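1. Any chance you can model this:
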Amino acid sequence: MAFHLLTIILVIVGLLSSFGSSFDPSPFQDFCIAANESKAAVFVNGKFCKDPKLATADDFFLAGLNVSGNPLPGLGSSVNSVDVNRLAGLNTLGISMVRADFAPYGLIPPHTHPRATELIVVIEGTLYVGFLAPDTTNPMKTRSFTKILSKGDVFVIPQGLIHFQYNVGHTNATVFAAFNSQNSGLIVVGSELFGSNPPLVDDVLSKAFQLDKKMVATLQGLFS
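-> Predicted coordinates:
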């Protein structure tokens, strides 16, 4: 790759570090390593804090971002996340990141991150990316903001807005993304609506999306 992996990571982390604690609480200590033991003295951001005297370098280390992560079934994409659930030292620091890999025409479907803005940098390939924002003149409409990105291009997605990434090239693609939250959250639009458990009443989905109930049942079957 033309870009060194370490350089890419430092750049995207640095770009977000200036506002990394804008949404997550600002820490009042140097670090608060997440621990599962309830005997710990402090409970912050949904995690107990490890006694700082017991901290080691391994609490701030995670290997493996040089490879693709968990595949998204049927979508031709995979995700390798680095958040507080995998790297305990991120707790209270207000930042996380992810690597996403795409086969040709692979997709990360429309989704939102309710707790974070996302900053994307393309490492390889060509991606069609974009987000939707409410149209202030018509609450039943949205505006789309989309771009074709190539290697080295950067795109920012505002917090909470629906967005997607689609590989429009004939070769594999890779992106790195940073978030100004230790745990950005994830809501995948299709599966949230049609794959809920228990399922939503079909009248709700039928009227909301102007679909007949047979199609609603079909979609619920696909996402369940």
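
2. can you give me the strands for the protein?
-> Counting by DSSP state E, one finds strands in the chain at the ranges 34-35, 43-44, 47-49, 70-72, 77-82, 96-102, 107-112, 118-124, 127-135, 138-149, 154-157, 163-167, 173-179, 187-188.

3. least reliable of these going by mean pLDDT?
-> Least confident of the strands of the chain, judged by mean pLDDT, is strand 43-44 with a mean of 64.

4. that older thread, can you check which of the strands of the chain gets nearest to L62?
-> Counting by CB to CB, L62 lies closest to strand 77-82 out of the strands of the chain; the figure is 5.8 Å. All C-beta atoms are positioned from the backbone trio N, CA, C, and that covers glycine.

5. could I have the closest one exported to PDB, CA atoms only?
-> C-alpha atoms of strand 77-82 as PDB (Å, rounded to 0.1, in the frame of the first residue of the first chain):
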ATOM      1  CA  SER A  77     -18.000  -6.800   3.400                       C
ATOM      2  CA  SER A  78     -16.300  -7.300   6.800                       C
ATOM      3  CA  VAL A  79     -15.700  -5.200   9.800                       C
ATOM      4  CA  ASN A  80     -12.800  -5.200  12.300                       C
ATOM      5  CA  SER A  81     -13.800  -2.800  15.200                       C
ATOM      6  CA  VAL A  82     -11.600  -1.300  17.900                       C
END
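
6. just to revisit the earlier point, export the strands of the chain as CSV, with columns for distance to A55.
-> Below are those laid out as CSV (distance: least, CB to CB, whole Å):
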stretch, distance to A55
strand 34-35, 10
strand 43-44, 15
strand 47-49, 10
strand 70-72, 29
strand 77-82, 18
strand 96-102, 19
strand 107-112, 34
strand 118-124, 28
strand 127-135, 38
strand 138-149, 38
strand 154-157, 33
strand 163-167, 36
strand 173-179, 24
strand 187-188, 33
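
7. For those, could you give me JSON lines that also reports distance to K213 and mean neighbour count?
-> What follows is the strands of the chain, written out as JSON lines (distance: least, CB to CB, whole Å; neighbours: other CB atoms under 10 Å):
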{"stretch": "strand 34-35", "distance to K213": "45", "mean neighbour count": "20"}
{"stretch": "strand 43-44", "distance to K213": "46", "mean neighbour count": "14"}
{"stretch": "strand 47-49", "distance to K213": "44", "mean neighbour count": "20"}
{"stretch": "strand 70-72", "distance to K213": "28", "mean neighbour count": "14"}
{"stretch": "strand 77-82", "distance to K213": "31", "mean neighbour count": "20"}
{"stretch": "strand 96-102", "distance to K213": "35", "mean neighbour count": "24"}
{"stretch": "strand 107-112", "distance to K213": "23", "mean neighbour count": "18"}
{"stretch": "strand 118-124", "distance to K213": "36", "mean neighbour count": "20"}
{"stretch": "strand 127-135", "distance to K213": "27", "mean neighbour count": "18"}
{"stretch": "strand 138-149", "distance to K213": "23", "mean neighbour count": "12"}
{"stretch": "strand 154-157", "distance to K213": "34", "mean neighbour count": "17"}
{"stretch": "strand 163-167", "distance to K213": "27", "mean neighbour count": "22"}
{"stretch": "strand 173-179", "distance to K213": "38", "mean neighbour count": "25"}
{"stretch": "strand 187-188", "distance to K213": "23", "mean neighbour count": "14"}
